[in-house]
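K.L.:
Could you work out the structure for the sequence below:
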Amino acid sequence: MEQIYTIPVNEAFEASAADAACGCAFCALYRKLEDNELDLILGASMMEPDVRIKTNKQGFCKTHYDMMFVRKNRLGMALTLESHLDELRGEITDGILSVLLGPGKKAEKRIAALEDSCYVCGRIDFNFDHMVETAVYLWEKDPEFRDKFRAQPMFCLPHYRRLLAAAEKRMRRKEFAAFVEAAAKITETYFDTLREDVSWFCKKFDYRYENEPWYNSRDAVERAMKFLRSDIHRQ
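P.N.:
As a prediction, this is how the structure comes out:
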């Protein structure tokens, strides 16, 4: 039952099922969306009037400014920043509104809104929500996907939460219970293994364990951070 919109989800789940080092399939999907959006905003979408209106209004978060910068398309960034700065300059000037709102209030309000907005984050979130919903849909409709799902090495906690929330909205109670059981088994198994690895990592700094092998604990700290906060760039 392959459809165009199900292909990325199927591919991510297949990759993680085949190689546990791929980690959370949803993190991989998020990173792919992020790469695509950054390529677009510095390429084909850069000069589109409707996109420029949105980037002028929303700007970008620090993470995505940094990621755009290292892609070395400085002219593309400069053109986007030029129109954004031009529009923003007029929006943070109080003018007559200072009489009505008090000095600086217009600038304060506009800058506060800008701090909480990012064109790239908004685009990713919109498309990512659909991918999570697609995973739930595939669980319902495709028995082969259920096998891929059960073979996942882990889900990071933020994406585990979003997965459960999407399933709860869509599924009937009986289907939802079975889905939660499968997702929880994956998450709890990984949780317990990770906890053991972190504990062993700590013990290795005790002289009594210095001659013991590391087992699977050398990267336990990194894996714990990715499990707790996702393996994505966004903060």
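
K.L.:
how about the helices of the chain, start to end?
P.N.:
Using DSSP state H, the helices of the chain run over 7-18, 25-41, 49-58, 62-70, 74-91, 97-101, 105-115, 119-141, 143-150, 157-170, 173-203, 220-229.

K.L.:
Now do the third one against helix 105-115, angle only.
P.N.:
Interaxial angle of helix 49-58 relative to helix 105-115 (axes from the mean of the first three to the mean of the last three C-alpha atoms, to 10 degrees): 110 degrees.

K.L.:
Give me the contact list for helix 49-58.
P.N.:
41, 45-46, 80, 83-84, 87-88, 114, 117-119, 122 (C-beta atoms under 8 Å, 6 or more residues apart in numbering). Quick note: C-beta positions are derived from backbone N, CA and C, even for glycine.

K.L.:
What subset of those is buried?
P.N.:
Among the contacts of helix 49-58, those that count as buried by neighbour count (16 or more other C-beta atoms under 10 Å) are 41, 45-46, 80, 84, 88, 114, 118-119.

K.L.:
If you tally nearby residues, what's the number for the residue nearest to Tyr160 when sequence neighbours are not counted?
P.N.:
With C-beta to C-beta, 6 or more residues apart in numbering as the criterion, Tyr160 has its nearest non-adjacent residue at 5.4 Å, and that residue is Thr187. Using other C-beta atoms under 10 Å, Thr187 has 19 other residues around it.

K.L.:
Quick one: residues contacting the residue nearest the centre of the chain.
P.N.:
Closest residue to the average C-alpha location of the chain: Tyr30 at 4.6 Å, with C-alpha atoms, centre = their mean. Shown in contact with Tyr30 (C-beta under 8 Å, 6+ apart): 124, 128, 159, 230, 232.

K.L.:
Make CSV from the residues you listed and add pLDDT, distance to Val198 and neighbour count to it.
P.N.:
CSV is the format used below for the contacts of Tyr30 (pLDDT from 0 to 100; distance: C-beta to C-beta, whole Å; neighbours: other C-beta atoms under 10 Å):
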residue, pLDDT, distance to Val198, neighbour count
Ile124, 96, 30, 23
Phe128, 97, 28, 19
His159, 98, 20, 22
Ser230, 96, 18, 21
Ile232, 93, 21, 22
